[in-house]
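*Asks:* Task: produce atomic coordinates for the following.
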Amino acid sequence: MNSPVDGATSSNACLSVVMPCYNELSTVGAIVDAVLAAPLVGELIIVDDFSTDGTRDILAQFDDPRIRVILHDVNQGKGAALRTGFAAVTLEYLIVQDADLEYDPSDYPAVLAPILEGKADVVYGSRFMGGQAHRVLYFWHSVGNRLLTTASNVVTNLNLTDMETCYKAFRTDVVRRFTIEENRFGVEPEITNKIARLGVVVYEVGISYDGRTYAEGKKIGWRDGIRAFFCIAAYSGPGEWVRLKRLSPVVARLTGGRA
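*Replies:* Residues are numbered from 1 along each chain as shown. Model prediction:
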């Protein structure tokens, strides 16, 4: 039996790709080509968060009718770019795609399959589930990611392996039911908490990951990790916050209490 994404053509394109973009001159052309070559892609919404490195010159050259470019007048952060992009989506399903080359659009069929098969409302693409190729990089990043995911799971009662992943796919009607408040990388735990509260069906599938170094343009840092802990607490309810605080005195100190 064929997968729902087999034999995809422009006539059944149903996927909106939301791409936050900030100073990605060296990668944005290649990733846009990869996205447009992926199955089911009907629109690519690129939200440029006030790039200053020439990225906007590249964006101005794209002429594929599926591409929509939205320009922010000031740099605000990934969360703000997602808020803008989500509001512009017009198709039935959406997925988040970073403007670098760490995540491969050839994984879209695997990530979307549980939604297209009617099993899930939201799917997370996990870098930590087995079976896919991964570039070996920073040990402490992986420790931090797992700690953040564990803390998030405590308050959401989900059993995710990779809460911080870029690849989050949704039925579009799901994202219409919550509002993004975080402007920066705290958006990941915020979205996870809010979809958990909606009671929708969440799946997780393994994806490949070609992480980059700071010299290659990686932007997230340790301060964003601390903010993520804060957001896990800030978007949790009183009972969930108590469970989180008991999880680890270190987490409690980092978050500084409930916001």
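*Asks:* name the helices or strands packed onto the helix with the most length in the chain?
*Replies:* Using DSSP state H to define each element, the chain has its longest helix at helix 139-156. Packing contacts for helix 139-156, counted by 3 or more C-beta pairs under 8 Å, 6 or more residues apart in numbering; DSSP states H and E, involve helix 187-198, helix 222-234, helix 238-247. Glycine gets a C-beta too; all of them are placed from N, C-alpha and C.
*Asks:* tell me which residues in the second one are buried?
*Replies:* For helix 222-234, a neighbour-count test (16 or more other C-beta atoms under 10 Å) marks 224, 225, 227, 228, 229, 230, 231, 232, 233, 234 as buried.
*Asks:* What is the neighbour count of residue 50?
*Replies:* 16 (other C-beta atoms under 10 Å).
*Asks:* what is the mean pLDDT for stretch 227-242?
*Replies:* Regarding stretch 227-242, the rounded mean pLDDT is 77.
*Asks:* hey, where'd the strands end up in the stretch 51-200 of the chain?
*Replies:* 67-71, 93-96, 122-126, 168-171 (DSSP state E, counting those that start in this stretch).
*Asks:* now those in TSV, with mean pLDDT?
*Replies:* What follows is these, written out as TSV (pLDDT from 0 to 100):
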stretch	mean pLDDT
strand 67-71	98
strand 93-96	98
strand 122-126	97
strand 168-171	98
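*Asks:* Reformat the ones you listed as TSV; add mean neighbour count and distance to residue 154.
*Replies:* Below are the strands of the stretch 51-200 of the chain laid out as TSV (neighbours: other C-beta atoms under 10 Å; distance: least, C-beta to C-beta, whole Å):
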stretch	mean neighbour count	distance to residue 154
strand 67-71	16	36
strand 93-96	24	24
strand 122-126	25	17
strand 168-171	22	20
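*Asks:* Can you add distance to residue 160 and give the ones you listed back as JSON lines?
*Replies:* Converted to JSON lines, the strands of the stretch 51-200 of the chain look like this (distance: least, C-beta to C-beta, whole Å):
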{"stretch": "strand 67-71", "distance to residue 160": "29"}
{"stretch": "strand 93-96", "distance to residue 160": "15"}
{"stretch": "strand 122-126", "distance to residue 160": "6"}
{"stretch": "strand 168-171", "distance to residue 160": "11"}
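*Asks:* Any idea how far apart the tips of stretch 127-146 sit?
*Replies:* 11 Å (C-alpha to C-alpha, to the nearest Å).
*Asks:* what sits against the closest residue to residue 56 other than its chain neighbours?
*Replies:* Counting by C-beta to C-beta, 6 or more residues apart in numbering, residue 56 lies nearest to residue 48, which is 5.9 Å off, once chain neighbours are set aside. Residues in contact with residue 48 (C-beta atoms under 8 Å, 6 or more residues apart in numbering) are 21, 22, 55, 56, 59, 69, 70, 71, 72.
*Asks:* Next: residue 73.
*Replies:* Per C-beta under 8 Å, 6+ apart, neighbours of residue 73: residue 50.
*Asks:* Same question for residue 89.
*Replies:* Contacts of residue 89 (C-beta under 8 Å, 6+ apart): 16, 18, 43, 45, 172, 175.
*Asks:* Alright, I will stop here.
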